[in-house]
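Asker: coords please:
(2 chains)
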Amino acid sequence: MPSLAASELGPFAFRVLESDGSNAWLVLVTDGAVDTTARMLSDEISTLDGQIVTVGAVSSGADLESFVRAHADGIAIVTGVNGFGDADWHRVDLNRTRLQRNGTTVLVLDPAAIEQLENRAPNLASWIGGSIWRLEKPRPLDDVLVEQRLVALRQWSGLEDLEVVRRAEAGDLPPDPAYAEWLTLLGRGELLGK
Amino acid sequence: MASDRRAGAVNALTKAMRDLQLRLEQNVPALPATAVELHEQFGRVLRRAILDEALVNGVYDVGQLLRLTVASRSGDPNVFALTGGPKDFGRTDTPEHVSHFIRDDGAVIHFALIVRERPGAPLDLVVYGFEIYFPSQQPIAFVRFDLNDRRHSNDDLGLRAHLHPGNEDLQLPSPLMSPLDALNFLIYRCRPRRDTPRS
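Answerer: Numbering: from 1, shown residues only, chains lettered A, B, ... in the order given. You can find the predicted model right below:
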């Protein structure tokens, strides 16, 4: 897979809204469920801008052309290109002018499909250009932030990590949500609810 | 005997509190199936609030302050911590938007919740803590909605879901809130009903 810029879903939704509305194409590559990602992106755009977003799944190159004809305006999110065969990619590459719309189009696909698009539809890929992003997973707390939170918990309670774990194992830990977070940050989530 | 009457009263109170807790936990909307979806829902609410100018942060602060700590840290591969802002026991009187979610009136919001993914089922809400505090101490120092860990003794008190009205030692019963409702409430509500003090 080519090296791609990463973006969380929220900032990507802003990119969609800010993109050139006339026949702009963006691609979002996700390791997760494509349909779920498309739905979340649609919800995000609608929440930010109030627009009604068209979400469609296509099964072939011809289907994609039909979808574009049927939904010429507004923001459209398209899934299903993961299932394209060589003939489909060749078709959309050859007939890319039939994919022109008045609005912004977002293709949501998985890493295997972006490889296919780059290799089987090079003209289409060139047309899309650099408007391809990899969906970044939610950012976790890094080691510094985890330790900051643990320090705060220790100061708040007067306890140390080992004592908290011991009490959790004994079923003797207070039920405050702070202790559940403490166990989770220590990597002892299996003790929750004991 | 007096001790028997007292024990009977305590048992009656325990039952009443347990019944109260059951009522407070009813009709809570189901969570999504994955922690990632919940994270996106939270992000969406926060970004919308920024566009509404209910929060003074920049939209790109959301990615910095909202974190989903994945299973690799939890020891249980299905447990996640969703956190918003720092662990702010100190309730700083000089919050900054790069490190805190700050409301348009200067109040600060921070939260943490623990969820567990289950195959073929919505997320299990393990605990939450949603707090808003007012650096000006007006109209109150802080309000925090807590959902405690499931413990039978806690259930007896009818206080698994409770709120702290500006005092860590005082707990009032609270409905079990969906996390998004709690977040929306702190952002858009939980505000003085009157702009000027009563005379």
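
Asker: can you pull out the helices in chain A?
Answerer: A:9-18, A:34-49, A:61-70, A:86-94, A:111-120, A:122-128, A:143-157, A:161-169, A:177-185 (DSSP state H).

Asker: now the first one against helix A:34-49, angle please.
Answerer: Using axes from the mean of the first three to the mean of the last three Cα atoms, to 10 degrees, the inter-axis angle of helix A:9-18 relative to helix A:34-49 is 60 degrees.

Asker: spatially central residue for the chain, please.
Answerer: Unless you meant another one, I'm taking chain A. A:L135 (4.1 Å; Cα atoms, centre = their mean).

Asker: wait, chain B
Answerer: B:F130 (2.6 Å).

Asker: I'd assumed B:F145 was in contact with it.
Answerer: Yes - between B:F130 and B:F145 there is a contact at 4.6 Å, judged by Cβ atoms under 8 Å. Bear in mind the C-beta positions are built from the backbone N, C-alpha and C, glycine included.

Asker: I figured A:T36 hits B:P32, correct?
Answerer: No - with contact defined as Cβ under 8 Å, A:T36 does not count as touching B:P32 (9.4 Å).

Asker: if we can go back for a sec, okay, and the common contacts of B:F130 and B:F145?
Answerer: Taking Cβ atoms under 8 Å, 6 or more residues apart in numbering or on different chains as the contact rule, B:F130 and B:F145 both touch B:M177, B:A182.

Asker: distance between the longest strand along chain B and the chain's centre?
Answerer: Ranked by residue count under DSSP state E, the longest strand found in chain B is strand B:121-133. Offset of strand B:121-133 from its chain centre (Cα atoms, centre = their mean, to the nearest Å): 6 Å.

Asker: angle of the helix or strand just after it against helix A:177-185?
Answerer: Once strand B:121-133 ends, the next helix or strand along the chain (criterion: DSSP states H and E) is strand B:142-147. Per the same axes, to 10 degrees, the angle that strand B:142-147 makes with helix A:177-185 is 60 degrees.

Asker: strand B:142-147 vs chain A: in contact?
Answerer: Yes - under the criterion of Cβ under 8 Å from any Cβ of the partner chain, chain A is reached by strand B:142-147 at B:D146, B:L147.

Asker: tell me what that strand is packed against?
Answerer: strand B:121-133, strand B:161-164 (3 or more Cβ pairs under 8 Å, 6 or more residues apart in numbering or on different chains; DSSP states H and E).

Asker: neighbouring strands - and their directions - for the first one?
Answerer: Which is strand B:121-133. Its sheet considered, strand B:121-133 pairs with strand B:108-118 (antiparallel), strand B:142-147 (antiparallel) by DSSP bridges.

Asker: likewise for the last one?
Answerer: Sheet pairing here is set by DSSP bridges, and for strand B:161-164 it gives strand B:142-147 (antiparallel), strand B:172-173 (antiparallel).

Asker: what sits up against that strand?
Answerer: With Cβ under 8 Å, 6+ apart as the test, strand B:161-164 has contacts from B:21, B:24-25, B:142-148, B:170-177.
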